[in-house]
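Novice: okay, sequence plus prediction incoming.
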Amino acid sequence: MTPIGWIFQLLGYIRNVARKRTYSWAYGVEEWLSSPASRDGLRYARRLAETAREHSKAALVGEPPPFPLTPADLAFEEGVSESTVRRKIALARRELYSGLSDSAIYYRKARAKELARRPVRTCQAPDCEESLPRRASARREYCHSRCRRRHYYQRHHPSAQIAPHLRGARVRPRPTPPAQVEPVLVFLRSHGGES
């Protein structure tokens, strides 16, 4: 073997070692899966993730860690082939996260936890009490661009009065009723009689 071929073989081995399969993406998933095969795959992935977690906890404490469960062991326990177990796990992952990588899945889960802890904020326009969506960035202050424009106009034009929310019903001020007059005189005026 030439030295260059040996280097490429070594790089391929390193790449395969670095691409270790993890199954912790299966924790905390409550979505409904459409097919029985993907539900089985999620169950397999959770089982593999639980044994891997027990293995790492035992190693951190200093106890002799139990050997983690592998897809081949799980296939032997379930009475199916190893390729079936891997195929069902891949199907469940694809159905839940499509083509996302492990780091993208973990980032998405961390972001969801952060958003759940975030307090509910309301629109900064003084005449609007709509709440902002939880996924809104920290810089967002208004529920809609109309609220932002209206609030800007109200701040920079002193003659502008606070108007009702534009998405609500607009109410025009009613004219003040005329002074109460005897009904006969009103009737006569409306029909061109005496004034």
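Specialist: That came through fine.
Novice: can you list the buried residues in stretch 35-51?
Specialist: Buried residues in stretch 35-51, defined by neighbour count with 16 or more other C-beta atoms under 10 Å: 38-51. Using the backbone N, CA and C atoms, a C-beta is placed for each residue, glycine as well.
Novice: same question for stretch 139-157.
Specialist: So, applying 16+ other C-beta under 10 Å, buried residues of stretch 139-157: Tyr142, Cys143, Cys147, Arg148, Arg150, His151, Gln154.
Novice: ok, which pair from the residues you listed is furthest apart?
Specialist: Cys143 and Gln154 (15.7 Å; C-beta to C-beta).
Novice: helix or strand: which one has Cys128?
Specialist: Per DSSP states H and E, Cys128 falls between elements, in no helix or strand.
Novice: tally of neighbours for it?
Specialist: The local packing of Cys128 (other C-beta atoms under 10 Å) involves 20 other residues.
Novice: so it sits against Glu141, correct?
Specialist: No - counting by C-beta atoms under 8 Å, Cys128 sits too far from Glu141 to count as a contact (10.8 Å).
Novice: which parts of this protein are helices?
Specialist: With DSSP state H applied, the chain shows helices at 3-18, 36-61, 71-78, 82-97, 102-117, 145-156, 183-190, listed in chain order.
Novice: break the chain into its domains for me.
Specialist: Structural domains annotated on the chain: 13-117, 118-164, as defined by automatic domain parsing.
Novice: and the first one, how far from the chain's centre?
Specialist: Meaning domain 13-117. Domain 13-117 sits 21 Å away from the centroid of its parent chain (C-alpha atoms, centre = their mean, to the nearest Å).
Novice: average pLDDT across it?
Specialist: When pLDDT is averaged over domain 13-117, the result is 83.
Novice: so what's Trp25 closest to, chain neighbours aside?
Specialist: In space, and not counting its chain neighbours, Trp25 is closest to Ile105: 4.8 Å by C-beta to C-beta, 6 or more residues apart in numbering.
Novice: the one you found: how many residues sit nearby?
Specialist: For Ile105, using other C-beta under 10 Å, the count is 17.
Novice: my guess is Tyr27 contacts Arg46, does it?
Specialist: Yes - using C-beta under 8 Å, Tyr27 is in contact with Arg46, at 7.1 Å.
Novice: coming back round to it: which one of the buried residues of stretch 139-157 is nearest Pro65?
Specialist: Nearest to Pro65 among these: Cys143, at 52.0 Å, using C-beta to C-beta.
Novice: contacts only, for that closest one.
Specialist: The contact partners of Cys143, by C-beta atoms under 8 Å, 6 or more residues apart in numbering, come to Cys123, Ala125, Cys128, Glu130, Ser131, Leu132.
Novice: backbone dihedrals for the third one, both of them.
Specialist: Going back to what we said before, that points to Cys128. phi -120, psi 130 (degrees, to the nearest 10).
Novice: mind listing what it touches?
Specialist: Thr122, Tyr142, Cys143, Cys147, His165.
Novice: with the fifth one instead?
Specialist: Taking C-beta under 8 Å, 6+ apart as the contact definition, Ser131 lies against Val120, Arg121, Thr122, Cys123, Cys143.
Novice: understood, closing this out.
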